[in-house]
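Enquirer: Need the 3D shape of this:
(chains A and B)
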Amino acid sequence: MTTLEHALLSPAPEATPQIAARAIDVMKTYGSGDAAVRALDGASVTIPAGQFTAVMGPSGSGKSTLVHALAGLDTIDSGRVFVGDADLTALSERDRTLLRRERLGFVFQAFNLIPSLTAAENIALPLTLAGRRPDPAWLAELVDMLGLQNRLGHRPSELSGGQQQRVAVGRALIARPDLVFADEPTGNLDSRHGAALLSFLRDATRTLGQTIVMVTHDPVAASYADRVVFLADGRIVDELPAPTPEAVLTRMARLDVPAQMVGA
Amino acid sequence: MWRLTVSNALAHRSRLALTWLAVALGVAFVAGSLVLTDTSSQLLDNQFRTAAAGVDLTVRTAAAFNSAMGVEVQRAPLPADVVGRVADTPGVDRARPIASGAGQLQVRGRAVLPAGPTILGTWADAPFTAYRLRAGHAPHGPDQVVLDAATAREHAVRLGDTVTVSATTSKQLRVVGLTGVGDRDGLPNSNLVLVDLACAQTLLGLGPGVTSIDVIADPDVAVADLRTRLATSLGSGYAVTTGQDTAAASAAAAKQSISYLRIVLLALSAAGLLVGAFLIANTFAIVLTQRSRELALLRAAGATGRQVFTSVLGEALLVGVTGAAGGTAAGIGAAYGLRGLARGAGLALPDGPLTVNPRTLLVAVAAGTLVTLLAAFGPARRAARIAPVEAMRLSDPAPATARRGRLITGWVLLGLGVIQLAAAAAFRDIAGVAIGAVLFLAALVVLGPVLAPRLAQAVGRPLARLGVPGRLARESTVRNPRRTAATAMALALGLALISFVSVLDSSVKAAVGTSYREAITADLIIESARNEMLGGLSPEVAHRAASLPEVAVASPIRYGHWLDRGMTSALTAVDPATLPHVARVRMTAGSLAALDGGGVVLAANVATERHLHLGDSLPMTLPRDGQQQLRIVGLMDDASARALSTSYVISLATYAAHYNENVDASVMVALAHGVKPQQARTALGKAIADFPNAQIRNQAEAAAGRAAAIDQVFGLITVLLCFAVLIALLGITNTLALSIVERTREIGLLRAVGMTRRQLRSMIRAEAVLVAAVAVVVGVVVGLGLAAATLGGLSSDMPLVVRVPVARLLAVVAAAVLAGLAAGLLPARRAARLDVLTAIATH
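Expert: Numbers count the residues shown, from 1 in each chain, chains lettered A, B, ... in the order given. As a prediction, the model looks like this:
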């Protein structure tokens, strides 16, 4: 903890190129009084660039809150959050929106696409919102990788669940973001389509050097990542490099035991 | 189930709030109209009852009818000897001769022009009248006058001041007393000018005659018996009425103009309620779509379709009853506002405390509740059909697309409507136009969900330039055809009515102005400043004008009411000898000069319509002597008839034989050769200076005065139609606010991937503007079409050319689009405030 305290007391730390994002001692409480829920209780995590990181934890552990804080979707009570060298806690709402548009990508579990836009338009959305056009070569490459060549003119309602999620991934990658956040991206997919999507995300890290942070509760999904961080009671309690489903399952089983007995 | 209904309504109160407001606004309009007209009638009743106070019977000369078009018929004066005969009749305690009529009052050289009449009357104490002296004493002699305290206060007249009173003749009188009427300071909208009998007779030019005799019966004689006795002894030339009947007849005459106002107001409130019904139906449809999963769950839990239906209608009942109650309360207050508006449009309405009848409350609450229930009926039926399995469905149901049956019905209705409108316009059949209009509007409602999205696509094309927010705005407007249609149609209806009225206004104005300018060649026109229906100029005005050296011809014109097969109609009386010098009357048969023989000249189109020919007799019921046969001595073209204001023209001599009114409506003046208009105007002004209500106008001013009168009426209607538009705009706000609730996740996603709040706000505002723009296109086009058809239908009375008031319509368009923008402000702010996280977390 001393290094963290040091980081807190010192002015904005020099961002090292290898770190895509980091959270330092983040506190977040929802509600007040008796109904208050402490979602994050001094959580600190570093997301290395070019890696596929999975965030796991039992429900209520604060994993979604942590990722939302890292992505600038949610404000925090105290602590600091950096994306690259940008201090999100110091940014206005508008600047955070612009940062999301320019430097972050998102894949959600469901309702990823705007129903009235075609697949191609959905992919280009972050750029068109910024008043730019997608780089045609990159768009073609992405579409090719995602296998969406024949579906570009279709609306979301005409696409299968797997296709919809692939369009969402395309949208997340189109702006070549520093960081892609995926929140249970395979939650609504059957295992075959889920596996295909996860392979694609892993390949994106391996071949394009894309940094990805994925929230999941599925050990198999987590095993696609380069590293798994575990949350419990609002803080990081463990981490596992080069995970296998079995190893993840074992760690998770331990986390379900009350935290003080584990001694975290 | 009822408890569930109530808690549902409460849980969705923010969603139902605007529906509630729409019901309340519509009902407020209804209640306000009823309260205003009831109040005015009540006040008029009171006024005449108070004035008749303790009089048992009134003796006047007989007349064929009491009043027409809100104006009491003037009766012939009673000969002086009748007073004695009445007083000597056994059973009469006291009899009081009265000379009264319309007069004018000038204070310090300036005319006092109340909204209502200036009543020149004979002073009397109780029990004959309700006059109560507040200061000074009763008038005695030829130079004393008593004014009502209210008028005196308003114009700072004190005891001892001198005022000018004119009727047939003019006099300077000293104010010796101030009076109240009962416990009030005067009569609403009127001036009371009270003098003694001889003075009134002189002013009114009655000689020894009187206008009526008030009778108080002996206490031991039954009034009904005395009435019979008096009627028998006086003979059929005289009418004996009870005080109450006289008051009731006077009140009825005054109330006639209010009954027109009531019809207009209620018709416009109906339009407001109709627009509100669209909004209510839309809100219920949206809320129920959003709740379809919850309703399906209810069904799965064992609720029957009927229970769901009843529950939804129950909710509507709750909203309807409370909204109607709120609206009724607001409407009572709104009556004051309506009174102000109506007065602004030149209607004389009495002042006083509001009358709220139980019937008003009942009608207003029932109307609001019924409209809400009817509007919710369709959505409720659809809700009842939701299958229990839909509870398990993940995605929201896709908006329903138009069914084939709807399309066919719509196009058939539209075709029929257009054919009917075109045919009716061509055949000048105004009733047919009304049927066509109903068909046409029904077609629009049915076709709305098909037309609105296409229109939105087309109209919304420029929005694409706003980038993604603009495109998305257009897409979401197109995505839900039924909703967009209902929202836009409500506004379109209001705007259609406004453009309809605008076109009608400018076309009628143009037609009236054109025919006036074409037919009237007079250099100057003297008219009464107050534009009394039958005219208010003393014959002395025409006489003095004619005797000026600058004037070649002064030709007076009068109007009169008559009964045409029981229906009130109007006629014009002219001087056949001088009229051709001041007007271009084109005869299609016979001659104007033949009027001297006592006949009548008809407008050619009326003659054709009634299958009358030159030489035929026309039965006319005239006020003094009942039904007369007048020979048709000539036919004039329609433009001439319009310039003379009616389709029936008689000579002034014939008029004098059948009417007691002795006032001119206008005097048309042709100047002597070489006299400059300005010079003549000055001379005329000097000559008739003691007739303050006489105004000298040139042809353009006179035409403008007519246009202004038309503008006032249409202006009032337009202002009132804005209420309907306001309700429709609430509809846009409501629909958008509800659709934002529905699109929470979509909005969250857009925000997450980088849509700024500003972009989001502009997206929602663009949606509102787009709906308004669609409504503007539909409304203006429909309004223009219906106006053209209506003008065609009306052309049997006067050939009307469609005049489109471009500037005014552009102003309406701009206002509607801006208002649409305003309607989107609130939902836009709401959407922008939406927390990104809660938006995306709504799984």
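
Enquirer: show me where the stretch 301-450 of chain B has helices.
Expert: B:305-344, B:358-384, B:404-426, B:430-459 (DSSP state H, counting those that start in this stretch).

Enquirer: So for the last one, mean pLDDT?
Expert: For helix B:430-459, the mean per-residue pLDDT is 85.

Enquirer: Give me the mean pLDDT for the very next helix or strand once past that helix.
Expert: Sequence-wise, the next helix or strand downstream of helix B:430-459 (DSSP states H and E) is helix B:468-479. Helix B:468-479 shows a mean pLDDT of 82.

Enquirer: From B:L159, how far off is the residue nearest to B:M763 when sequence neighbours are not counted?
Expert: Counting by Cβ to Cβ, 6 or more residues apart in numbering or on different chains, B:P469 is the residue found nearest to B:M763 once chain neighbours are left out, at 3.7 Å. In this view, the C-beta of every residue, glycine as well, is placed from N, C-alpha and C. Separation of B:P469 from B:L159 (Cβ to Cβ, to the nearest Å): 74 Å.

Enquirer: And B:A589, by the same measure?
Expert: As defined by Cβ to Cβ, B:A589 lies at a distance of 62 Å from B:L159.

Enquirer: about what we covered before: wait, the residue nearest to B:M763 touches B:R757, no?
Expert: No - judged on Cβ atoms under 8 Å, B:P469 makes no contact with B:R757 at a distance of 11.1 Å.

Enquirer: Looking at those two, which one has more neighbours?
Expert: B:P469 (23 against 17; other Cβ atoms under 10 Å in any protein chain shown).

Enquirer: Contact partners for the more buried one?
Expert: Residues in contact with B:P469 (Cβ atoms under 8 Å, 6 or more residues apart in numbering or on different chains) are B:M755, B:Q759, B:L760, B:S762, B:M763, B:A766.

Enquirer: can stretch B:286-298 be found next to chain A?
Expert: No - Stretch B:286-298 lies out of reach of chain A by Cβ under 8 Å from any Cβ of the partner chain, never closer than 14.9 Å.

Enquirer: Skip the chain neighbours and tell me the closest residue to B:L630.
Expert: That would be B:V600: by Cβ to Cβ, 6+ apart, it lies 4.3 Å from B:L630.

Enquirer: neighbours around the one you found, how many?
Expert: B:V600, neighbours per other Cβ under 10 Å, totals 21.

Enquirer: what are the bridge partners for it, then?
Expert: B:I632 (DSSP bridges).

Enquirer: Pull up the gap between the nearest residue to A:L113 once chain neighbours are set aside and chain B, please.
Expert: Counting by Cβ to Cβ, 6+ apart, the nearest residue to A:L113 once its immediate chain neighbours are dropped is A:P156, at 4.1 Å. To chain B, A:P156 is 10 Å away according to Cβ to the nearest Cβ, to the nearest Å.

Enquirer: if I read this right, A:P156 contacts A:I123, doesn't it?
Expert: No - the criterion here is Cβ under 8 Å, and A:P156 misses it with A:I123 at 11.6 Å.

Enquirer: the more surrounded of the two?
Expert: Each of A:P156 and A:I123 has its neighbours counted (other Cβ under 10 Å); A:I123 has more, 28 against 19.

Enquirer: From chain B, how far off is the more buried one?
Expert: 11 Å.

Enquirer: these two touch, right, B:L16 and B:I280?
Expert: No - the pair B:L16 / B:I280 is not scored as a contact, 9.6 Å apart, by Cβ under 8 Å.

Enquirer: Next up, the contacts around the one residue in the stretch 51-200 of chain A that gets nearest to chain B.
Expert: For the stretch 51-200 of chain A, the residue closest to chain B is A:R101, as judged by Cβ to the nearest Cβ, at 2.5 Å. Under the criterion of Cβ under 8 Å, 6+ apart, the contact list for A:R101 reads A:P126, A:L129, A:A130, A:A175, B:V753, B:G754, B:M755.

Enquirer: Could you rerun that using 7 Å?
Expert: A:P126, A:L129, A:A130, B:V753, B:G754 (Cβ atoms under 7 Å, 6 or more residues apart in numbering or on different chains).

Enquirer: Tell me the most packed of the residues you listed, by neighbour count.
Expert: Most surrounded of the contacts of A:R101: other Cβ under 10 Å gives A:P126, at 28 neighbours.
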